[in-house]
Each structure stands twice: as structure tokens, then as C-alpha cells.
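Participant: quick one, fold the following:
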Amino acid sequence: MRYQASGAESSAFVKKTVLAALGAVASAALAAPAFAAGTPAGTTISNTATATYDLPAGGTGTVTSNTVTLKVDELIDVTVAWKDPGDVQGTAGGINQVLSFTVTNGGNASEAFTLGSIAALGGDDFDPAVTSIVLDTNGNGVYDAGVDTIYVPGSNDPTIAADGSITAFILSTLPAAANDANRARAELTATSKKGTGTPGTSFAGVGTGGVTAVVGLTGGKGLADGWYKIQKAAVAFVKTASVADPFGGTTQVPGATVTYTLAATVSGTGSLANLKVSDAIPAGTTYKPGTITLDGAALTDAADADAGAFTGSAIAVGLGTVATGTTKTVTFKVKIN
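Facilitator: I've put the predicted structure just below:
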């Protein structure tokens, strides 16, 4: 006796089989690599349909449709991203202050782009003066003066492969009058040379291989802002004197010792580099050898490895790089003649 499945059992079996097939298709799709740019422009897509039927005398007949062939159009898309981790610390009056950007071609064909910059944007404390846009010639992502190439619109517009990226830099001069902690922004733009417009705008025949070029979601133009922040340190320099006379008092008589204290306090943000102090020995006094100190530590009079020296007519102390919020104190002694 042969078992025959009921209608419900047969339906359940078919449903289970179809679900299993769909699962296999989904797994295969997930395993396939994903390309942000999609199928390359100019790629030919062809397919032909097939129909089968039962012949009256038995057997199966087959008929094929005509072949439909399409060529993938070119998608125009570009994005610009500021790549510095935060505000670029600059100095008032500083030149060649660098902002770094990444320009990415999100389209499906190699594309040339025109770069530009805007500095008068509003919403900041001052406008930097953009002096140049520079292309990262050696591809290390860091501005290298004398190595990377200055960008000249129409002359060396960068061509970027589909899904590819380049680094570009904005170099600016910051105004000398900018105050400590002031911020300013500059914008880098990248514009497709094949066309821009609202998404979906098309340009017949200008795409790779003569296909139509179609503007994507970015409108064919990308932009991003980068920010500068001024670090401006200042030094307040104060000199005081105390007197000890031979009688245990403070009268300024011959034989009295004068201790001079020089206090340099750095304020603002950042630091001051190579800060030095000096003081001439005043007329009517004589320097007391070995009395120079820096922050309470004794220094030698000789021009040697430590920071201090007596030149024969003055004392000099190198303070090095001094961070803001720091006070460096130098003392020395003279005797009233």
C-alpha cells in the first residue's frame, strides 16, 4: 500500500522547502562582498528569459526571449570630512596653519573634482586668511612642506577612483590681533567636474564609456568645516628688591646686601618658548658671586650646563619653554658699594 500525503501535509512540505531555499539565498547574499560605489559605470548587464511548455504529442517545448542589454550609468557622489581630532591650535599671526580633510568619491567611476575653500563663514570669532590648498602627494595623511603639492584649480584637479579617498590641506594665516581662545573655521569644498544638481539630475553621454552620469544624494558637491583655536600666551614680569644692612636692619647704606627677585608669570593658553631673563648689575653695587637661583635652586655663575650665568656685568637665566599658569622665579644678590 502506498502512502499519499494529505493536502495539508503537502502544503506544509512545500512551504518548508520554499523557506529553506529563501534562507539559502539570503545567506549567499550576506556572504557576498558589499561595494559602496556599486556596480562600475559602463558595466553591461544582459539577460534572456526562457519559457517551456508541454507538446501535444508529448515532451517539452522551449522558447527563449530576446536578450535585453543595459549599461550601468555613472553615479556622481562625493563627501568631504574634516580629519583633525579637534580644534587645530594656532598662534596669532601664525602662517601656514594646517587643517586636514578627507575627500571621498562615493560614485561608481573614477572622477575628477575641483577643490575650493571658504573662510568668511560667520559664527566664529575671526576669519582666517586661506593662503593655499595642498594635495597630500606622498599619501601619508600629514602635511609635508616642500613635498606635498599646492593645488591649482584646473591644473591638477585630483582624480579619485570609485570608493577612493585623498587627503587635502587648507593652509591659512591667522590674524595677529586674534585673542587667546578665539576660534575660526574654514571650509573645504569638492565639486564634480562632470556635473552637479539636485539628486537625480542626469548628464547624457558624459559618464565613463559614454553612459549617462546621474547626480547622487550629495548633489555632486561635498563640503566640511575645520576649526582653528588661538593659543596666545603672555608674560607678566615683576622685579622686587629686599635690603639687609650690616646692623640687622633694612637701611640702604654702603655694605648692605640687596636681593633682587625677578618673577615671570605666563598666562593665556599654550606656552612661551625659549623664555629668558637678564638683569644688569646696577651702578654703585657689586654682584655677590654664586647667588643666582632659579625657583630656589642654586645656579653657577659660569656659562655651563645649567640655566644661569654671570656675564661680568649682568646675570642671565634661560627659563626654556614655560607653560601658561606657571611662574618662574629668579633671584640674585648685590652689595651696595
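Participant: per-domain residue ranges of this protein.
Facilitator: Domain segmentation of the chain under automatic domain parsing yields 75-230, 233-336.
Participant: deepest of those, which one?
Facilitator: Neighbour counts (mean count of other CB atoms under 10 Å) averaged over each of the domains of the chain peak at domain 75-230, with a mean of 18. For glycine as for every other residue, the C-beta is placed from the backbone atoms N, C-alpha and C.
Participant: pLDDT (mean, whole number) over it?
Facilitator: Mean per-residue pLDDT for domain 75-230: 97.
Participant: how far away from the center of its chain is it?
Facilitator: Taking CA atoms, centre = their mean, to the nearest Å, the mean C-alpha location of domain 75-230 is offset from the chain mean by 11 Å.
Participant: which residue is the nearest non-sequential neighbour of Ala49?
Facilitator: Ser65 (4.1 Å; CB to CB, 6 or more residues apart in numbering).
Participant: where does that neighbour land on pLDDT?
Facilitator: 96.
Participant: partner strands of the host helix or strand of it, parallel or antiparallel?
Facilitator: Using DSSP states H and E, Ser65 maps to strand 60-71. Strand 60-71 has the following sheet partners, assigned by DSSP bridges: strand 44-54 (antiparallel).
Participant: now render the domains of the chain as JSON lines, adding distance to Ile45.
Facilitator: JSON lines is the format used below for those (distance: least, CB to CB, whole Å):
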{"stretch": "domain 75-230", "distance to Ile45": "12"}
{"stretch": "domain 233-336", "distance to Ile45": "59"}
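Participant: right, so of those, which gets closest to Gly42?
Facilitator: Closest of the domains of the chain to Gly42 is domain 75-230, at 3.4 Å (criterion: CB to CB).
Participant: re the thing from before, nearest to Gly58, of the domains of the chain?
Facilitator: domain 75-230 (48.3 Å).
Participant: just to revisit the earlier point, who wins for proximity to Tyr53 among the domains of the chain?
Facilitator: domain 75-230 (37.9 Å).
Participant: not counting sequence-adjacent ones, nearest residue to the residue at minimal distance from the centre of the chain?
Facilitator: Central residue of the chain (CA atoms, centre = their mean): Asp84, 2.2 Å from the mean position. Nearest non-adjacent residue to Asp84, counting by CB to CB, 6+ apart: Ser100, 5.2 Å away.
Participant: helix, strand or coil: sort out that neighbour for me.
Facilitator: strand (DSSP: H, G, I helix; E, B strand; the rest coil).
Participant: distance of it relative to Val88?
Facilitator: 8 Å (CB to CB, to the nearest Å).
Participant: please apply the same query to Ser172.
Facilitator: From Ser172 to Val88 the distance is 9 Å (CB to CB).
Participant: which neighbours do those two share?
Facilitator: Counting by CB atoms under 8 Å, 6 or more residues apart in numbering, the shared contacts of Ser172 and Val88 are 97, 99, 228.
Participant: contacts only, for Leu319.
Facilitator: Contacts of Leu319 by CB under 8 Å, 6+ apart are 264, 275-277, 294, 307, 328.
Participant: dump the residues you listed into a markdown table; add secondary structure, pLDDT and distance to Ala41 as well.
Facilitator: Output for the contacts of Leu319, formatted as a markdown table (DSSP: H, G, I helix; E, B strand; the rest coil; pLDDT from 0 to 100; distance: CB to CB, whole Å):
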| residue | secondary structure | pLDDT | distance to Ala41 |
| --- | --- | --- | --- |
| Ala264 | strand | 96 | 65 |
| Leu275 | strand | 96 | 60 |
| Lys276 | strand | 96 | 63 |
| Val277 | strand | 97 | 67 |
| Leu294 | strand | 98 | 69 |
| Ala307 | coil | 96 | 66 |
| Lys328 | strand | 97 | 64 |
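Participant: nearest to Gly219, of these?
Facilitator: For the contacts of Leu319, the nearest to Gly219 is Leu275 (51.5 Å; CB to CB).
Participant: would you agree Thr218 is in contact with Val80?
Facilitator: No. Look at Thr218 against Val80 with CB atoms under 8 Å: they stay out of range, at 9.3 Å.
Participant: tell me the buried residues in the strand holding Ser65?
Facilitator: Within strand 60-71, the residues scored as buried using 16 or more other CB atoms under 10 Å are Lys71.
Participant: how far does the next helix-or-strand element following it sit from the chain's center?
Facilitator: Sequence-wise, the next helix or strand downstream of strand 60-71 (DSSP H and E) is strand 74-76. Relative to its chain's centre, strand 74-76 lies at 27 Å (CA atoms, centre = their mean).
Participant: what lines up beside strand 74-76 in the sheet?
Facilitator: strand 213-215 (parallel).
Participant: could you measure Tyr143 against Ala129, distance?
Facilitator: 17 Å.
Participant: next: Pro175.
Facilitator: From Pro175 to Ala129 the distance is 7 Å (CB to CB).
Participant: Thr67 too?
Facilitator: Thr67 is 61 Å from Ala129, by CB to CB.
Participant: so Gly209 sits in a strand?
Facilitator: No. Remark: Gly209 does not belong to a strand; assigned using three-state DSSP, it is helix.
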